[in-house]
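# sequence plus predicted model, see below.
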Amino acid sequence: MKIGELARETGVSVRLLRYYEEQGLLDAGRTPGGQRVYDAGAPVTVRRIRTLLDAGLPTRVIREVLDCVCGSETEVEPCLTPMLLEQLQGIEERIAGLEGSRQSLTRLLAPLAES
């Protein structure tokens, strides 16, 4: 399957598919003319990448765990639990930090709203 076909089937832009390949997330063969050619499993791989990205995982982590995603896009091997919990903890810490910033800004703006 060529890159345009993969893009149409997955709804992911050609540019992003190239990026996934650069990041080592997606493998492509080449035709004699140099065009990318993907195997029949590429759409499933792209959907798995999108699911992991939507979960907030960076591409460097996805590269490490992509082979541990099994079945559907949302099934992972139990051995990934500690790493995924660590990622979740990091997201929760960032959310807490943002909420603290929001509270501080709200306090700063409160006197201005009363004027």
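The structure has been received and is ready for your questions.
# does residue 69 really touch residue 75, like I thought?
Yes - look at residue 69 against residue 75 with Cβ atoms under 8 Å: they come within range, at 6.8 Å. For glycine as for every other residue, the C-beta is placed from the backbone atoms N, C-alpha and C.
# what is in contact with those two at once?
Counting by Cβ atoms under 8 Å, 6 or more residues apart in numbering, residue 69 and residue 75 have no contacts in common.
# neighbour count winner among the two?
Taking other Cβ atoms under 10 Å, residue 69 and residue 75 do not tie; residue 69 has more neighbours (21 against 11).
# other SSEs contacting the one helix or strand residue 82 maps to?
Using DSSP states H and E, residue 82 sits within helix 81-114. Under the contact definition 3 or more Cβ pairs under 8 Å, 6 or more residues apart in numbering; DSSP states H and E, helix 81-114 sits against helix 59-65.
# let's go with 7 Å and repeat that
Contacting helix 81-114 under the criterion 3 or more Cβ pairs under 7 Å, 6 or more residues apart in numbering; DSSP states H and E is no other helix or strand.
# in that helix, what's buried?
residue 87 (16 or more other Cβ atoms under 10 Å).
# could you do stretch 56-73 as well?
57, 59, 61, 62, 63, 65, 66, 69, 73.
# can you list contacts of that stretch?
23-25, 47-49, 51-53, 75-77, 79-80, 83, 87, 91 (Cβ atoms under 7 Å, 6 or more residues apart in numbering).
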